[in-house]
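Student: 3D, please:
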Amino acid sequence: MNSTTKRARYQQRTQDVLRVLGIDVAYIRKFRFSAGVFVALFSLAWIALIVPMSSGDPHSAHHHVSGINSDPWLLTLMIIGMMLPMISAHLLHIANSLNPRHRLPAMSLFTAIYTICWLLLLMGIATAVELPVRAFAIPHEIYNGLAVTFLLLAWWWGQNPINKSIKNRCGGLGVVQASGFRLYKSIVSYALVTWVRCAVECSLVMIAMVFMSKHSVVLMLLMTIVLLVERYLVTNKFRSVSAIWALLAVWTLI
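Tutor: Numbers count the residues shown, from 1 in each chain. Model (predicted):
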C-alpha cells in the first residue's frame, strides 16, 4: 500500500469520525479560522492541565487530595477541555449562520455563556458542600463518598429512558438571528438552552469530578471520551455506556 492510499484512507476515517460528531468537514474548510480559534482554545486548556505533569512532581499526574476541587481556574480548564467538543456542532452552526463580521464574536459569546453556566453550577455546589464541612469539622472523606454517589447516580441516569430522550435533543441546533441586537440575544438564549440540556445529561459526571480525590488528567480524558461516545456514538436509544460510571465509582472506593 503506497503512501497516497494510506493518506486517503486516513483522511476518510477522519471525515467519518467528524461526521459522527455532527461536524461537516466542508464547514471546517469554510470556517477554518473561526474553527481554528476554538481548536486552539481546546488544545491550550488541555496543555494547561497536562503541563504540571512534566514538572517532576509525582503528585501532578495522579494526585490524592483531602479537599475539594473548587479552584475556579482549574474548573474553567476542565469545563473547556471536557465540554467544548460537546458543543462543536453548535459553534459550526453559528459560524454557518452569520457573516464574517459577527461570526467570531457570536461564537465567543456562546462559548462564554456556556462555560460560565457550568462554572457557576460547579462552584455553587462545591461551596454549598465545603462550608458545612468546614463549619462542623466533618471528615474530608465525605468528598469521596459524594463522588461515588454522583457517579452511581450518573450510571442510573444514563440508563433512564427520560435521559435517553433528552440526549437526542441536546444536539438540536438553535435559531440564530441574522444581525443587530436580536443576533446576540438569540445567541445568549441558544447558549442557555444548550447548557440546560447538556447539564441534564452530563452534570452528575461533572459534579463527581469536583469531589473526586483520585483526580488526574488521564481520568479527565477518559471521562471526556466516555461522554463523547455516549453522546455521539450510542445511537440506539435503548443502549448506553453509563456502566463505566459505576466502574469508576468502584475504582474511587479502592
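Student: max-length helix in this structure?
Tutor: helix 100-135 (DSSP state H).
Student: what comes up buried for the helix or strand that comes right after it?
Tutor: Next in sequence after helix 100-135, counting helices and strands by DSSP states H and E, comes helix 141-159. Applying a neighbour-count criterion of 16 or more other C-beta atoms under 10 Å, one finds 143-144, 146-148, 150-155, 157-158 buried in helix 141-159. All C-beta spots, glycine's among them, are computed from the backbone N, C-alpha and C.
Student: just the angle between helix 141-159 and helix 100-135, please?
Tutor: Between the axes of helix 141-159 and helix 100-135, defined by axes from the mean of the first three to the mean of the last three C-alpha atoms, to 10 degrees, the angle is 130 degrees.
Student: for helix 141-159, packing partners?
Tutor: When contacts are defined as 3 or more C-beta pairs under 8 Å, 6 or more residues apart in numbering; DSSP states H and E, helix 141-159 sits against helix 100-135, helix 180-211, helix 243-253.
Student: buried residues, the shortest one. List them.
Tutor: So the one you mean is helix 243-253. The neighbour-count check on helix 243-253 (16+ other C-beta under 10 Å) flags 244-246, 248-249, 252 as buried.
Student: and those, which two are furthest apart?
Tutor: The largest distance within those, taken as C-beta to C-beta, falls between Ile244 and Thr252 and amounts to 12.5 Å.
Student: give me the contact list for stretch 188-198.
Tutor: 83, 86-87, 90, 94, 109-111, 113-114, 117-118, 166, 169-170, 172, 174-176 (C-beta atoms under 8 Å, 6 or more residues apart in numbering).
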